[in-house]
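1. Please find the sequence and the predicted model below.
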Amino acid sequence: MTTSLQRLSQVLWQQRELLEGLHYALEVEQLILATGRTRWLLRAALDVESVLESMRKTEVLRAVAADEAAAALGLAPNPSLTELASRAQEPWSEMLGDHRAALLLTMQSITELADANRELITSGYRSARETLLALGEATEGYAADGSAVVSASGGPVRVDRTF
């Protein structure tokens, strides 16, 4: 039983570290979005995706370790951390509870950060679209045949490019 709980705790630590890495990557992405200097935006998005891919792999390890711990504790497969913590003896009960609390807190922070990033991206898109409309032409979407549907704002706009 101790071995399965130890393995689960190790995987939970890996998940916590990955979540911290995701938080960092999202903060970098937010800083890039907030400054409007989008040169590194694709790189930041790829960093986020890389951490998410690692998290998907670690989630499989966590599910296996949780099922092994559940079997050792006499629980059904796919248990929650709360169920495992309530059945485990000390110090495992407290450790699993601590993991659960830390994971929930980090996930809440990541969700808020991701929502803020989404708003920044939407705002940037709107700004670019308004600029294109002000110049006289913008793509509103695409037709069934794949061609762009263009919106004209009432005629050509003359742009003075001299300074």
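-> Yep, that arrived. Bear in mind the structure is a predicted one, so any value in this text is a computation, not a measurement.
2. When you work out contacts or count neighbours from here on, use the C-alpha atoms and nothing else.
-> OK.
3. gap between the residue nearest the centre of the chain and residue 67?
-> Against the mean C-alpha coordinate of the chain, by CA atoms, centre = their mean, the closest residue is residue 114 at 6.1 Å. Using CA to CA, to the nearest Å, residue 114 is found at 30 Å from residue 67.
4. try residue 12
-> Counting by CA to CA - residue 12 and residue 67 are separated by 13 Å.
5. What's the biggest helix in the chain, counting residues?
-> Counting by DSSP state H, the longest helix found in the chain is helix 92-135.
6. Give the residue spans of the protein that score low on pLDDT.
-> Within the chain, the stretches with pLDDT under 70 are 1, 124-144, 146-163.
7. hey, where'd the strands end up in it?
-> 137-142, 148-152 (DSSP state E).
8. Tell me which residues touch residue 2, please.
-> For residue 2, the contact set (CA atoms under 8 Å, 6 or more residues apart in numbering) is empty.
9. rewinding a little: can you name the residues that contact the residue nearest to the centre of the chain?
-> Contacts of residue 114 by CA under 8 Å, 6+ apart are residue 26.
10. one more time with 10 Å
-> 23, 26, 27, 29, 30, 108, 120 (CA atoms under 10 Å, 6 or more residues apart in numbering).
11. out of the residues you listed, which are buried?
-> 23, 26, 27, 29, 30, 120 (16 or more other CA atoms under 10 Å).
12. from these, which is closest to residue 7?
-> residue 23 (24.5 Å; CA to CA).
13. wait, that closest one sits on residue 109?
-> Yes: with contact defined as CA atoms under 10 Å, residue 23 reaches residue 109; the gap is 7.8 Å.
14. Are there residues contacting both of these two? Which ones?
-> Joint contacts of residue 23 and residue 109 (CA under 10 Å, 6+ apart) do not exist.
15. mind listing what the residue nearest to residue 54 when sequence neighbours are not counted touches?
-> Leaving out its chain neighbours, the residue that sits closest to residue 54 by CA to CA, 6 or more residues apart in numbering is residue 18, at 7.5 Å. By CA under 10 Å, 6+ apart, residue 18 lies in contact with 12, 24, 51, 52, 54, 55, 58.
16. ok, now how distant is residue 18 from residue 68?
-> 22 Å.
17. Mind picking the two most distant members of the buried ones among the contacts of residue 114?
-> Every pair of the buried ones among the contacts of residue 114 checked by CA to CA; the farthest is 23 and 120, at 16.5 Å.
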